[in-house]
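Student: no letters, just coordinates:
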């Protein structure tokens with residue numbers, strides 16, 4: 001049996017000390033993709049980094065963003081669960097509201113539409129009261145979204161172009177493709193993430209893609 005060797009792919013466009021400090025302590029190798037727009041990740045970064053990940057012998061890739069914190073036990077729980085399930089993830093709050101970012105039913109449209117996605121999301125209260133340890137979801141919000149490299153090869157990082165062509169909603173784009181191909185996603189109830197992006201006007205939350213020099217940084 002092939003050795004289980006995961007790596008975390010971190011999308012970083014901001015300078016949020018609380019989140020960066022937390023992520024640096026995740027007990028797995030990491031590749032930091034810094035200050036790239038989503039469309040640039042799709043075209044410039046992903047093909048090269050994915051090839052390197054495969055070449056280094058990693059078996060699974062998890063995606064995490066730069067605006068959240070997660071306990072070590074939750075990180076380990078979600079990633080280790082990927083040894084038993086095709087796609088695994090944690091879950092987080094949406095800003096300060098009552099909703100989580102995982103869905104209790106199928107995605108309806110092939111693209112995200114404002115106001116529609118919340119209709120199918122679990123509330124935080126519903127997740128906390130959920131009886132089982134594992135929750136079926138059709139959306140992950142890249143909450144430590146974890147898949148084997150074989151699935152990433154079939155469903156690479158892609159996004160919607162957006163009006164400016166910079167790209168957006170790569171998380172929805174991936175989950176829609178998985179849904180179309182009947183590939184289930186399993187969320188870990190104990191895999192809670194705290195989304196800290198509440199005060200967008202604060203300097204820490206300023207998006208620095210296109211401002212700071214783009215960089216790919218490995219921590220192995």
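Tutor: Looks like it arrived, so ask away. As the structure is a computational prediction, the values presented were derived from the model and not from experiment. Numbers count the residues shown, from 1 in each chain.
Student: and the spatially most central residue of the chain, which helix or strand is it part of?
Tutor: In the chain, the centroid-proximal residue (C-alpha atoms, centre = their mean) is residue 142; its distance is 1.7 Å. Under DSSP states H and E, no helix or strand contains residue 142.
Student: go on, residue 162?
Tutor: Taking DSSP H and E as the definition, one finds residue 162 inside no helix or strand.
Student: how much space between the nearest residue to it once chain neighbours are set aside and residue 74?
Tutor: Leaving out its chain neighbours, the residue that sits closest to residue 162 by C-beta to C-beta, 6 or more residues apart in numbering is residue 168, at 4.6 Å. Placement of C-beta: from N, CA and C, glycine included. Distance, residue 168 to residue 74, using C-beta to C-beta, to the nearest Å: 27 Å.
Student: hmm, who's touching the helix or strand harbouring residue 189?
Tutor: Assigned by DSSP H and E, residue 189 belongs to strand 185-195. By C-beta atoms under 8 Å, 6 or more residues apart in numbering, the residues outside strand 185-195 that reach it are 67-71, 73-75, 77-78, 81, 85-95, 101-102, 127, 130, 132-140, 143-144, 175, 178.
Student: what about residue 101, neighbour count?
Tutor: 25 (other C-beta atoms under 10 Å).
Student: I'd say it and residue 89 touch.
Tutor: No: using C-beta atoms under 8 Å as the test, residue 101 is too far from residue 89 to be in contact (9.2 Å).
Student: gap between the closest residue to residue 137 other than its chain neighbours and residue 184?
Tutor: Nearest residue to residue 137, sequence neighbours excluded (C-beta to C-beta, 6+ apart): residue 102, at 4.0 Å. Counting by C-beta to C-beta, the gap from residue 102 to residue 184 is 13 Å.
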